[in-house]
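Novice: Coordinates for the following, if possible.
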Amino acid sequence: MITTVLLDLDDTILDFHKAEKEALKKALQKVGVEPTEKLLAGYSEINLAQWKKLERGELTQEEVKISRYRIFFEKYGITASPEETAKCYEQNLAYEHEKVDGALELLQKLHGKYRLYAASNGTYEVQRRRIEESGIKPYFEDFFISKKIGFHKPDKKFFDYCFTHIPDFKLEESVIVGDSLSSDILGGKNAGLTTIWYQRDRNITDHGAIHPDYRIFELSELPDLLKKLK
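Specialist: Okay, the predicted model is just below:
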């Protein structure tokens with residue numbers, strides 16, 4: 001019987017893709033750069049690559065915050081300050097908090113039936129404001145944010161911290177749900193959790209070496225799945 005659910009935030013509950021795009025547009029405009037679709041797509045690709053390095057332990061979060069803009073500006077020949085842009089972006093991101101379709105309905109269904117905890121890689125102050133502004137805070141028991149903890153998913157130390165801060169935690173009664181194979185699912189498996197992959201892109205066919213225990217395509221599928229798990 002499942003009693004505790006760890007939920008990833010970005011692109012599982014909160015729509016990070018939309019938030020990133022809007023925050024970046026405003027940041028680029030602030031430093032005098034026209035945010036074309038080509039530039040926005042290029043940044044997103046670079047940002048993802050830098051976060052993958054963080055997940056592998058090759059970069060710190062502070063390094064990622066600056067390196068992604070330095071690489072981005074160098075690639076597109078943009079003369080602007082990576083530091084200034086990073087600061088502006090984070091300020092903007094804190095106010096972008098649109099939810100993934102079906103996320104609020106999911107939280108309403110699960111709340112009171114399971115203990116819900118957020119497990120997120122991100123900057124504490126940014127995530128804290130997004131959590132509050134989005135209205136999802138009342139549904140969670142607590143929020144575990146990597147920047148505050150000092151470790152990032154998929155590092156087992158991130159999950160060890162979560163486990164020690166969840167009252168009466170029982171591994172066999174807990175699951176993690178998230179959209180990232182390399183962060184949520186790999187991290188969950190490293191920690192011994194039952195893993196549920198929220199596969200938002202149905203076209204993905206190659207999962208590599210990371211295999212979730214269960215998979216859902218829509219958040220609305222999760223309540224029934226949790227009921228079936230023993």
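
Novice: now the helices for the chain?
Specialist: 16-30, 37-55, 61-76, 82-93, 103-110, 124-134, 146-149, 156-164, 186-190, 222-228 (DSSP state H).

Novice: could you redo the ones you listed as a markdown table and give each row distance to Pro212, mean neighbour count and mean pLDDT?
Specialist: C-betas here are computed from N, CA, C, even on glycine. Shown next, in a markdown table, are the helices of the chain (distance: least, CB to CB, whole Å; neighbours: other CB atoms under 10 Å; pLDDT from 0 to 100):
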| stretch | distance to Pro212 | mean neighbour count | mean pLDDT |
| --- | --- | --- | --- |
| helix 16-30 | 20 | 19 | 94 |
| helix 37-55 | 16 | 16 | 92 |
| helix 61-76 | 25 | 17 | 94 |
| helix 82-93 | 28 | 18 | 94 |
| helix 103-110 | 18 | 17 | 98 |
| helix 124-134 | 24 | 18 | 94 |
| helix 146-149 | 21 | 19 | 94 |
| helix 156-164 | 15 | 18 | 98 |
| helix 186-190 | 8 | 22 | 97 |
| helix 222-228 | 12 | 14 | 98 |
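
Novice: Format those as a markdown table; extra columns: distance to Ile196.
Specialist: Shown next, in a markdown table, are the helices of the chain (distance: least, CB to CB, whole Å):
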| stretch | distance to Ile196 |
| --- | --- |
| helix 16-30 | 19 |
| helix 37-55 | 19 |
| helix 61-76 | 26 |
| helix 82-93 | 26 |
| helix 103-110 | 12 |
| helix 124-134 | 21 |
| helix 146-149 | 20 |
| helix 156-164 | 15 |
| helix 186-190 | 9 |
| helix 222-228 | 7 |
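
Novice: Please identify which of these is closest to Ala118.
Specialist: With CB to CB, the closest approach to Ala118 among the helices of the chain belongs to helix 124-134: 7.2 Å.

Novice: re the thing from before, tell me which of the helices of the chain sits nearest to Arg215.
Specialist: For these, the distance to Arg215 is smallest for helix 222-228, at 9.3 Å, taking CB to CB.

Novice: before we move on, the earlier item: Ile216 is nearest to which of the helices of the chain?
Specialist: Closest to Ile216 of the helices of the chain is helix 222-228 (CB to CB; 5.7 Å).

Novice: so what does that closest one touch, helix or strand wise?
Specialist: Where contact means 3 or more CB pairs under 8 Å, 6 or more residues apart in numbering; DSSP states H and E, helix 222-228 is packed against helix 103-110, strand 194-198, strand 214-216.

Novice: wait, which of those is closest to Asp8?
Specialist: Asp8 sits nearest to strand 194-198 of all the helices and strands packed on helix 222-228, at 7.8 Å, using CB to CB.
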